[in-house]
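A.B. asks: Sequence first, predicted model second:
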Amino acid sequence: MNISKGNLLRYSIISVLSVLIILMLSSFVFRMIISPRVDSSLEDYVVPRTVEEVIQVNVLNGCGKSGLAAKARNFLRSRGFDVVEIGNARKEYDKSLVIDRVGDELSSKKVAYAIGVEDSLVTSKIDSSLYLRSTIIIGMDFASLKPYK
């Protein structure tokens, strides 16, 4: 079979465009169905403690590798969360965890889902002096979290 250069160019362009369309469709399906966005607003039954109606968190680096808290801050802010502070934890942690600070477990679970922490690693340690809903501690398992993939 002899294919002219014009037909070969057309087949090549059609093939490249077909691959691009398949990639775009698979990306769309992944975003909308497999990994949907997390709603960062408070639930209706929760009375906001501030004028803000988004979940306020702080991020602590608990593994010692520099820049991890800042990367998590940028990741969470791009998803609508209010990251009010970043810093270093007092000790190193093997596992990343989310700490509920006001007794709003649902908001803490939203934060955990947003960064990829399992629900079993959401704990409660009420501290109303922090003026935030959750604390995120990035542990040695940071590579498995969404901001670092």
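C.D. replies: Received the coordinates, thanks.
A.B. asks: ok now do residue 55, which residues does it touch?
C.D. replies: Residues near residue 55 by C-beta atoms under 8 Å, 6 or more residues apart in numbering: 40-42, 81-82, 107, 110-111, 133-134. No exception for glycine: its C-beta is placed from N, CA and C like everyone else's.
A.B. asks: rerun at 7 Å
C.D. replies: If a contact means C-beta atoms under 7 Å, 6 or more residues apart in numbering, then residue 55 has 40, 42, 81-82, 107, 110-111, 133-134 as its contacts.
A.B. asks: got a list of contacts for stretch 76-92?
C.D. replies: Stretch 76-92 is contacted by residues 37-38, 40, 52, 54-64, 69-70, 73, 111, 114, 132, 137, 140 when judged by C-beta under 7 Å, 6+ apart.
A.B. asks: related to what we said a few turns ago, taking the contacts of residue 55, tell me the two that lie furthest apart.
C.D. replies: Longest distance between any two of those is 12.7 Å, between 82 and 110; criterion C-beta to C-beta.
A.B. asks: okay, those two: which has more neighbours?
C.D. replies: Applying other C-beta atoms under 10 Å to residue 82 and residue 110 shows that residue 110 carries more neighbours, namely 22 against 17.
A.B. asks: Does the more buried one lie in a helix or a strand, and which?
C.D. replies: helix 105-115 (DSSP states H and E).
A.B. asks: quick one, strands of this protein?
C.D. replies: According to DSSP state E, the chain carries its strands in the segments 56-61, 82-88, 97-100, 122-124, 134-138.
A.B. asks: export those to a markdown table and tack on distance to residue 22 and mean pLDDT?
C.D. replies: What follows is the strands of the chain, written out as a markdown table (distance: least, C-beta to C-beta, whole Å; pLDDT from 0 to 100):
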| stretch | distance to residue 22 | mean pLDDT |
| --- | --- | --- |
| strand 56-61 | 37 | 96 |
| strand 82-88 | 36 | 95 |
| strand 97-100 | 37 | 97 |
| strand 122-124 | 38 | 96 |
| strand 134-138 | 36 | 97 |
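A.B. asks: Would you mind giving those as CSV with distance to residue 146 added?
C.D. replies: Listed next are these as CSV, based on distance: least, C-beta to C-beta, whole Å:
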stretch, distance to residue 146
strand 56-61, 13
strand 82-88, 15
strand 97-100, 13
strand 122-124, 16
strand 134-138, 12
